[in-house]
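Asker: sequence and predicted model, in that order:
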Amino acid sequence: MPITIYMRNPKNVVFFSVIVFLTACTSGEKKSETSQKAVPPIAVTMALPSGNEAGSSNISGQVESSQTANISTRVMGYITKLTVKVGDHVNAGQLIASISNNDMIAKRSQVDASITEAEAALKNAQKDYDRFTTLYKQQSATAKELDNVTLQYNAMKAKVESAKQMRNEVNAMLAYTSLTAPFAGTVTQKFADAGNMANPGMPIVTIEQSGTYQISASVPETEISQVKTGESVNVTIRSVERTFTGKITQINPSSQFTGGQYLIKISIPDNEKKGLYAGMYANIGIHTTSKSTLHSAGNAVLVPVSAIVNKEQLTGLYTISSNNTALLRWVRLGKVYGDKIEVISGLDKNESFIVYAEGKLYNSAPVSIKK
């Protein structure tokens, strides 16, 4: 507490103020001690970077439906009805859209009238043909008269057949005014709305068959000779954090229209199709014995992709410090080789790293090496 001391001099009165701060201390005060429970170490597995012993090549692909159909029409007309929207499930034969067809219905009525007229003329011609045939047998008609009647009868039969085929043509065109789904699937795109003008060949909607996903990828010409139908490949879809084994089911033998890239198709196991969507990107690791691939990856520092830690724009992996704690080390990555990725800088080929942990790692987390 502040103390003020007053001192008086016989000649001059001088006041001195002295402020003293006193701190109370108790020697008998005990220091509180808290005992923190020791954090159990996380068991980890260590590994050294490896080279590409078997040799592999990494390519990019996309998930797609194995059966896709663009629904369009062969006639021009206004879209009078559109019964679906994007995301709708449709069944085989379900009506998708209707195109105005009043002109075709009028045309069919005209054709039907022509058929009625032609059939009536055919009946009359047949009567003449039957009568002149009998007269000719009785030698009451000449061969010339029979020939003329026969010619007229055959012409009427051809006219009836022509009219019927014209009706078939009109019916076929009318079929293109009612667009139906060719198979069960999902509507993935819609290009027009009711009231728009539909043109021949212009897609109105796109339907993809449900549950029939596959992966389409391009292989460069330098490695296509190493790719075989039926070969197993490693597939990683990072958007859903899924890795599985697929098989090459198709190889396009021509790259004429793909700029030196050969298209291949890769099957997806049925138990891996759930949760996938067409358009998702996939990384495909193809095993190869190409000398160029082996040479480029032979001296590379390769680590499993699963060991890489991604934080915002940085990539790293965990090592162990001298105090047996986890240490996150930032690294620079290079090319992907199947399920492994090249470390360009940040890790030496003789330095070990944590490849697997039985718990969640973080900086300074105590760890123990699993034997």
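Answerer: Received, thanks.
Asker: name the residues of the top helix by length along the chain that are buried.
Answerer: Longest helix in the chain, counting residues (DSSP state H): helix 102-137. Residues of helix 102-137 classed as buried: 104, 107-108, 111, 114-115, 118, 121-122, 125, 128-129, 132, 136 (neighbour count, 16 or more other CB atoms under 10 Å). (Glycine included, C-beta is placed from N, CA and C.)
Asker: and the angle for whichever helix or strand comes after it with helix 102-137?
Answerer: Heading C-terminal from helix 102-137, the first helix or strand you meet, by DSSP states H and E, is helix 143-175. Relative orientation of helix 143-175 versus helix 102-137 (axes from the mean of the first three to the mean of the last three CA atoms, to 10 degrees): 160 degrees.
Asker: buried residues of helix 143-175, list them for me.
Answerer: 146, 149-150, 152-153, 156-157, 159-160, 163-164, 166-167, 170, 173-174.
Asker: what helices or strands is that helix leaning on?
Answerer: Contact here means 3 or more CB pairs under 8 Å, 6 or more residues apart in numbering; DSSP states H and E; on that basis helix 143-175 packs against helix 102-137.
Asker: quick one: contacts for Val160?
Answerer: By CB atoms under 8 Å, 6 or more residues apart in numbering, the contact set of Val160 is Ile115, Ala118, Glu119, Leu122.
Asker: reformat those residues as TSV; add pLDDT and distance to Tyr277.
Answerer: Below are the contacts of Val160 laid out as TSV (pLDDT from 0 to 100; distance: CB to CB, whole Å):
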residue	pLDDT	distance to Tyr277
Ile115	94	52
Ala118	93	57
Glu119	94	57
Leu122	94	61
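Asker: domains of the protein?
Answerer: Using automatic domain parsing, the domain parsing of the chain gives 42-55+299-369, 61-66+212-288, 69-97+181-208, 102-175.
Asker: and which of the contacts of Val160 is nearest to Arg332?
Answerer: Nearest to Arg332 among the contacts of Val160: Ile115, at 79.8 Å, using CB to CB.
Asker: in the stretch 151-300 of the chain, where is pLDDT below threshold?
Answerer: Counting by pLDDT under 70, the stretch 151-300 of the chain has low-confidence residues at 288-299.
Asker: run a quick neighbour tally on Gly360.
Answerer: You called it Gly, but residue 360 is Lys. 7 (other CB atoms under 10 Å).
Asker: read off the pLDDT value for it.
Answerer: Lys360 is assigned 90 on the pLDDT scale.
Asker: confirm it sits in a strand?
Answerer: No - going by DSSP: H, G, I helix; E, B strand; the rest coil, the assignment for Lys360 is coil, not a strand.
Asker: which ones are touching it?
Answerer: Per CB under 8 Å, 6+ apart, neighbours of Lys360: Ile42.
Asker: again, but for Met202
Answerer: Counting by CB under 8 Å, 6+ apart, Met202 has contacts Ser72, Thr73, Phe191, Ala192.
Asker: what about these, which one has the most neighbours?
Answerer: Going by other CB under 10 Å, Thr73 tops the contacts of Met202 with 23 neighbours.
Asker: Glu208 and Thr68 touch, don't they?
Answerer: Yes - contact status for Glu208 versus Thr68: in contact at 5.0 Å, counting by CB atoms under 8 Å.
Asker: find residues that contact each of the two.
Answerer: Thr188.
Asker: these two: who's more crowded?
Answerer: Higher neighbour count among Glu208 and Thr68: Glu208, with 21 against 15, using other CB under 10 Å.
Asker: and the more buried one, what element?
Answerer: Using DSSP H and E, Glu208 sits within strand 205-209.
Asker: and the contacts of Met202, which two are the farthest apart?
Answerer: Spanning the widest gap among those are Thr73 and Phe191, at 12.0 Å by CB to CB.
Asker: mutual contacts of these two, please.
Answerer: Residues touching both Thr73 and Phe191 (CB under 8 Å, 6+ apart) are Met202, Ile204.
Asker: so how far is Glu117 from the closest residue to Thr133 other than its chain neighbours?
Answerer: Spatial nearest neighbour of Thr133, chain neighbours left out: Leu146 (6.7 Å); criterion: CB to CB, 6 or more residues apart in numbering. Going from Leu146 to Glu117 by CB to CB, to the nearest Å gives 25 Å.
Asker: ditto for Asp270
Answerer: From Asp270 to Glu117 the distance is 60 Å (CB to CB).
Asker: got the contact list for the residue nearest to Ser114 when sequence neighbours are not counted?
Answerer: Once flanking residues are discounted, Ser114 sits nearest to Ala163: 4.6 Å by CB to CB, 6+ apart. By CB under 8 Å, 6+ apart, the contact list for Ala163 reads Val111, Ser114, Ile115, Ala118.
Asker: pretty sure Leu135 sits against Ala141.
Answerer: Yes - if you go by CB under 8 Å, Leu135 and Ala141 touch, sitting 3.7 Å apart.
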